[in-house]
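K.L.:
Here's a sequence, model it:
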Amino acid sequence: MDHFKPIVGESPALQSLLRSAKIAAATDVTVLLKGETGTGKEVLANAIQRSSHRADKPFITLNCAALPETLIESELFGHRKGSFTGAASNTEGLFRAAHGGTLFLDEINSLSVSIQAKLLRFIESGECLAVGDTEPYIVDVRIIAATNSDLSQDIAKGTFRRDLYYRLNVVPLDIPPLSERLGDLDLLINHFMKVFERELNVLAPQFSKNTFKVLKGHDWPGNIRELKNLCERLSILLPGKIIEPENLPFEMNARKPKLQPTVVLTASGLQLDDLEASLIQQALDMTRGNRSKSARLLGLTRDTLRYRMEKHGFLES
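P.N.:
Just a heads-up that it's a prediction; the model follows:
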């Protein structure tokens, strides 16, 4: 059974991602998922777990940003009775609960440096230490971590440990934002509409050509999650109807402000190739060489950026 089937899309970037994820799933290697909020990091982590030899073992998820620092250590590693105010009994923690399976740490960039040190110790030795205990315990847990921030910038700011980053970044998987795979929009909409038609027991609405044009011009800051929520909302409010642009949220129909010229053409002319190379260099400098972010800054796909980088000698062809 292909557990990656729920991840819908045919874009080259997504297919490349899925090939790498399937290879990683067959191993016990630590995986780091990188992507904007709403791109489906937990869905991908779940698919990796279900395709692994740990599929029949626990799969436990923790959003590291959802708990205060005072509680997250106990939540992860457990605590002994009386180790702090309110600790009325022993608690095993998520590492013990996930023994034999997988622990998915979402928004790992939110962990404090002190908790990062304990996580690093586990990755290096398999040992955990419960709060208030003196003897470590050993568990067999695979780590899949996810981040929606640039960890290299967090390292530079001193909020993320460099050594932990290298331990997590064994197999990095970059999940493309929806804005970089608009060719998958039709497939995704059809998928979600079928899901909600079945779940809500309603007739799925249809989208007019003008509506599709508006959707393909949208920036999708909320990514797949934003699209899924839109499909669910329209399935509930307008079942069986033809969806026109006026049925979409206001922000999708709002006219983009007219662009003012940023480069003025003079009588002496200019060299477009030099201008393009300069803009690419500026984007790479601003993103510290991150090609996905550079492509978004320039309004290009990652593949187009790579082609133009080769054209201007940024890469060896």
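K.L.:
quick one: residue 234 and residue 250, what's the gap?
P.N.:
Residue 234 sits 15 Å away from residue 250, going by Cβ to Cβ, to the nearest Å. The way it works is simple: take the backbone N, C-alpha and C, and place the C-beta from them, glycine included.
K.L.:
ignore the last one, residue 34
P.N.:
31 Å.
K.L.:
Looking at the two, which is more packed in?
P.N.:
Set residue 34 next to residue 250 and count neighbours by other Cβ atoms under 10 Å: residue 34 wins out with 20 against 7.
K.L.:
Would you mind pulling the contact partners of the strand or helix carrying residue 236?
P.N.:
For residue 236, the host element (DSSP states H and E) is helix 223-237. Helix 223-237 has contacts (Cβ atoms under 8 Å, 6 or more residues apart in numbering) with 36-40, 177-179, 185, 188-189, 192-193, 196-197, 200, 202, 204-205, 220, 222, 243, 247-249.
K.L.:
swap in stretch 154-167?
P.N.:
30, 109, 113, 116-117, 119-120, 123-124, 151-152.
K.L.:
show me where the stretch 201-317 of the chain has helices.
P.N.:
With DSSP state H, counting those that start in this stretch as the criterion, the stretch 201-317 of the chain has helices at 209-216, 223-237, 250-253, 272-286, 291-298, 302-311.
K.L.:
helices and strands around the third one, which ones?
P.N.:
Pointing back at helix 250-253 there. If contacts are counted by 3 or more Cβ pairs under 8 Å, 6 or more residues apart in numbering; DSSP states H and E, helix 250-253 sits against helix 209-216.
K.L.:
mind running it again at 6 Å?
P.N.:
Packed against helix 250-253 by the contact rule (3 or more Cβ pairs under 6 Å, 6 or more residues apart in numbering; DSSP states H and E) you find no helix or strand.
K.L.:
Would you mind listing the buried residues in that helix?
P.N.:
Neighbour counts over helix 250-253 (16 or more other Cβ atoms under 10 Å) mark residue 252 as buried.
K.L.:
With the fourth one instead?
P.N.:
Residues of helix 272-286 classed as buried by neighbour count (16+ other Cβ under 10 Å): 277, 279-280, 283-284.
K.L.:
Now render those as TSV, adding distance to residue 212.
P.N.:
Listed next are those as TSV, based on distance: Cβ to Cβ, whole Å:
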residue	distance to residue 212
277	35
279	30
280	31
283	29
284	33
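K.L.:
Just send these back as TSV, with pLDDT too.
P.N.:
TSV is the format used below for the buried residues of helix 272-286 (pLDDT from 0 to 100):
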residue	pLDDT
277	87
279	90
280	90
283	89
284	89
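K.L.:
follow-up on the earlier one: tell me which of the helices of the stretch 201-317 of the chain sits nearest to residue 104.
P.N.:
Among the helices of the stretch 201-317 of the chain, the nearest to residue 104 by Cβ to Cβ is helix 223-237 (16.8 Å).
K.L.:
tell me the average confidence for the closest one?
P.N.:
Across helix 223-237, the average pLDDT comes to 97.
K.L.:
now the angle from that helix to helix 209-216?
P.N.:
Taking axes from the mean of the first three to the mean of the last three Cα atoms, to 10 degrees, one finds helix 223-237 and helix 209-216 inclined to each other by 150 degrees.
K.L.:
and helix 223-237, how far out from the chain's middle?
P.N.:
Helix 223-237 sits 19 Å away from the centroid of its parent chain (Cα atoms, centre = their mean, to the nearest Å).
K.L.:
Show me the shaky parts of the stretch 151-300 of the chain.
P.N.:
255-267 (pLDDT under 70).
K.L.:
run the last query once more with 90
P.N.:
Counting by pLDDT under 90, the stretch 151-300 of the chain contains low-confidence residues at 251, 253-278, 283-300.
K.L.:
Tell me the backbone dihedrals of the spatially most central residue of the chain, please.
P.N.:
By Cα atoms, centre = their mean, the chain has its centre lying nearest to residue 35, at 2.9 Å. Note on residue 35: its backbone torsions stand at phi 170, psi 160 [degrees, to the nearest 10].
K.L.:
Fine by me, we can end here.
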